[in-house]
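> Fold the following and give me the result.
(one chain, ligands or ions: 1)
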Amino acid sequence: MSTSLLELKNVSRNFGGVTAIDGLNLDIKAGQLIGLIGPNGAGKTTLINLMTGVLRPTTGSIRLEGKDLLRLPPHRIARAGIARTYQIVQPFPHMSVLDNVAAAALFGGGASSFASAREAAREHLQFCGLEAVAAQSAGTLSLAGRKRLELARGLALKPKLLLLDEVNAGLNPNELDGAIALIRAIAARGVTILLTEHLMRLVLQVCQRIIVLHQGKLIADTTPGEVVRDAAVISAYFGERYAMKANHAGSTTTEGA
Ligand SMILES: Nc1ncnc2c1ncn2[C@@H]1O[C@H](COP(=O)(O)OP(=O)(O)OP(=O)(O)O)[C@@H](O)[C@H]1O
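Reported below is the predicted structural model:
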């Protein structure tokens, strides 16, 4: 049996009268590449915020390699091995790309000096295909470049678990192929990945396991092959997405007519 990396037991989170996460049980094994999907408002971002300590559960427990995370502030959780990227990319825009990554290596990656942090940062930039822009200020990068920088900063924290929140949104098909290759390469290094994503092609292509949230509850936890045939997922998520696409197609036709 493979090892449990992150374990959530009976986790709930309320905001006033809204139950954003509702009695969730989840066991993430080391080495998995997992897709987290669900309709808008399903609780995906709340779940990531709970895993990183930005939010605390109303009830339940969260353990990383058996260690209780609920006692730790977010920066200690990051150092314990959970790193995340943000839906809205937030580099330090006036700092160089290299120093953005070096700062992460200093903060959580175990680097003991700025020189060694920069050395580690160079490796991460090379791995993420950013070595050519290392000296540029981060604010000058394209969206695809900023997304890669987010990944390099995440890697500099030497995570056991990397939470990728919509890291591919807004990329063109070419950039998307590059992003898929990079995510696979990160997983091949042994980093466990949880990917929150609306791009189904990407999720189905790269993930071995897909978990589906709906109204704060886990409605499926299965393989990509199975999830597309799951009646509850079709009704809660795929159905809604196809209906939206059909509506868009319909309105385009009407406009064109
Ligand atoms: N800080 C908050 N205060 C009040 N309600 C909140 C807060 N954060 C989230 N919610 C509510 O919790 C539910 C889950 O929201 P969440 O943002 O986690 O969903 P999501 O799956 O990430 O959605 P999306 O795909 O649109 O980003 C929603 O009903 C949302 O309105």
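
> Might you enumerate the residues of this protein proximal to the ligand?
15, 18, 20, 38, 40-46 (CB under 6 Å from any ligand atom). Bear in mind the C-beta positions are built from the backbone N, C-alpha and C, glycine included.

> how about a cut-off of 8 Å?
15-16, 18, 20-21, 38-49, 55, 87, 166, 196, 198, 213, 216 (CB under 8 Å from any ligand atom).

> so where do the strands sit in the protein?
Taking DSSP state E to define them, one finds strands in the chain at 4-15, 18-29, 33-37, 59-64, 67-68, 82-84, 161-165, 192-196, 209-214, 217-222.

> between the first one and strand 18-29, how big is the angle?
Taking axes from the mean of the first three to the mean of the last three CA atoms, to 10 degrees, strand 4-15 and strand 18-29 form an angle of 180 degrees between their directions.

> For strand 4-15, buried residues please.
Within strand 4-15, the residues scored as buried using 16 or more other CB atoms under 10 Å are 5-8, 11-13.

> now do the fourth one
Of the residues in strand 59-64, those with enough neighbours to count as buried (16+ other CB under 10 Å) are 60, 62, 64.

> can you put the residues you listed in JSON lines and add pLDDT?
Listed next are those as JSON lines, based on pLDDT from 0 to 100:
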{"residue": "Gly60", "pLDDT": "98"}
{"residue": "Ile62", "pLDDT": "98"}
{"residue": "Leu64", "pLDDT": "97"}
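
> Tell me, what's the model's pLDDT at the residue lying closest to Leu143 once chain neighbours are set aside?
Leaving aside its sequence neighbours, Leu143 sits nearest to Gly170 (CB to CB, 6 or more residues apart in numbering; 5.4 Å). Gly170 is assigned a pLDDT of 85 by the prediction.

> how many neighbours does Gly170 have?
The number of residues packed around Gly170, counting by other CB atoms under 10 Å, is 12.

> re the thing from before, mind putting the buried residues of strand 4-15 into TSV with pLDDT?
Compiled in TSV, the buried residues of strand 4-15 are given as follows (pLDDT from 0 to 100):
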residue	pLDDT
Leu5	97
Leu6	98
Glu7	98
Leu8	98
Val11	98
Ser12	98
Arg13	98
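
> where are the low-confidence patches of the stretch 101-250 of the chain?
109, 240-250 (pLDDT under 70).

> for it, what spans make up the helices?
114-127, 143-156, 173-188, 200-206, 224-227, 231-233, 239-256 (DSSP state H, counting those that start in this stretch).

> among those, which is the most enclosed?
helix 143-156 (a mean of 23; mean count of other CB atoms under 10 Å).

> now it: how far from the chain's centre is it?
Relative to its chain's centre, helix 143-156 lies at 12 Å (CA atoms, centre = their mean, to the nearest Å).

> count of residues packed around Glu131?
Glu131 has 15 neighbours, counted by other CB under 10 Å.

> in terms of contact, does it touch Arg122 like I think?
Yes: assessed by CB atoms under 8 Å, Glu131 is found in contact with Arg122 at 7.1 Å.

> what's the spacing between the residue nearest to the spatial centre of the chain and the ligand?
Closest to where the C-alpha atoms of the chain average out (CA atoms, centre = their mean) is Leu164, at 1.6 Å. Using CB to the nearest ligand atom, to the nearest Å, one gets 13 Å for the distance from Leu164 to the ligand.
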